[in-house]
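Visitor: Quick check, what structure comes out for this input:
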Amino acid sequence: MNDIKESLRNIEQNYKIFQQQQFTFIAALEHTRENAHDKIKPVSSIGQVQTYTDHYCNNTTDKRILLMFLSICSELNRLCQRLETLHSGNATTNALLEKCKTLVSPSNDLSAIRAKYPHDVVNHLSCDEARNHYGGVVSLIPVVLDCMKEWVAHSEKLPRQMLQNVSARRAAIYHQPDRPNQHTIGVHHGQPTFVTEASQTSLSRTEKARAREEQRREVKLKQLGGLGRAIRKLLDGPWKPPGKNAF
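Guide: Modelled structure (predicted):
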């Protein structure tokens, strides 16, 4: 949970810098909307801002502030994914997380969102701008940040055992890049070799590659029938002269 709080603080710091340049942001949206001949409709989604940035932005100042907005939205999206894997949660935390995920979706219509006190971003707009054009886009980030902070507050009230158990499982998954269930990964002397999840943790990538190579070799030898069995004898043990001990 501490790393989640730290990530949230970092995003808030970036947002404070962005917030100080709100007039520059609105001016950039004005310029790009004009270039796109799209000044009637409100700015209603993150994807719309992305389109303006990619196709209708003609100067570096506008592009810089638009990219800053998109970067913060991207960070919030990634943080949503991390929150989703932290714990199973309850009805309250799950509802808050779903709200966050919806808000930061590139296609979500955010034109009706309005940040309320103590946020004053809407107050910095004219009545026409706030009502018809930019009220939603300037409200998006503070609303999502508030929602995430509420998620953290409710999560910290969950039973400690739930958080510890889930965190331990997530840590185990994170440190096992290849985690197949117990299954056969190789064959030796005609018998399958099983690897459990516990033993696989210490199995190196080189050993896995060797096991896969051995499996492929055994399949080829089986296809050769009697000749394959003879070759296996030569590979697995010292050569013996023909006679009663011959293959």
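
Visitor: what residues go with each domain of this protein?
Guide: Listed domain ranges for the chain are 2-169, 183-236 (source: automatic domain parsing).

Visitor: tell me which strands and helices the helix ranked longest in the chain is in contact with?
Guide: The single longest helix within the chain, with elements called by DSSP state H, is helix 60-86. Contacting helix 60-86 under the criterion 3 or more Cβ pairs under 8 Å, 6 or more residues apart in numbering; DSSP states H and E are the following elements: helix 2-19, helix 22-35, helix 46-55, helix 91-103, helix 135-155, helix 160-174. The way it works is simple: take the backbone N, C-alpha and C, and place the C-beta from them, glycine included.

Visitor: buried ones in it?
Guide: 62-63, 65-70, 72-73, 75-77, 79-80, 83, 86 (16 or more other Cβ atoms under 10 Å).

Visitor: for stretch 101-112, same thing?
Guide: Within stretch 101-112, judged by 16+ other Cβ under 10 Å, the buried ones are 101, 103-105, 108, 110-111.

Visitor: Which residues does it contact?
Guide: Outside stretch 101-112, the residues within contact range by Cβ atoms under 8 Å, 6 or more residues apart in numbering are 42-47, 50, 73, 76-77, 80, 84, 113, 135-137, 139-140, 143-144, 147.

Visitor: Give me the buried entries from those.
Guide: For these, a neighbour count by 16+ other Cβ under 10 Å gives the buried set as 42-46, 50, 73, 76-77, 80, 113, 135-137, 139-140, 143-144, 147.

Visitor: in the chain, what spans have low per-residue confidence?
Guide: Counting by pLDDT under 70, the chain shows low-confidence ranges at 160-211, 219-221, 223-247.
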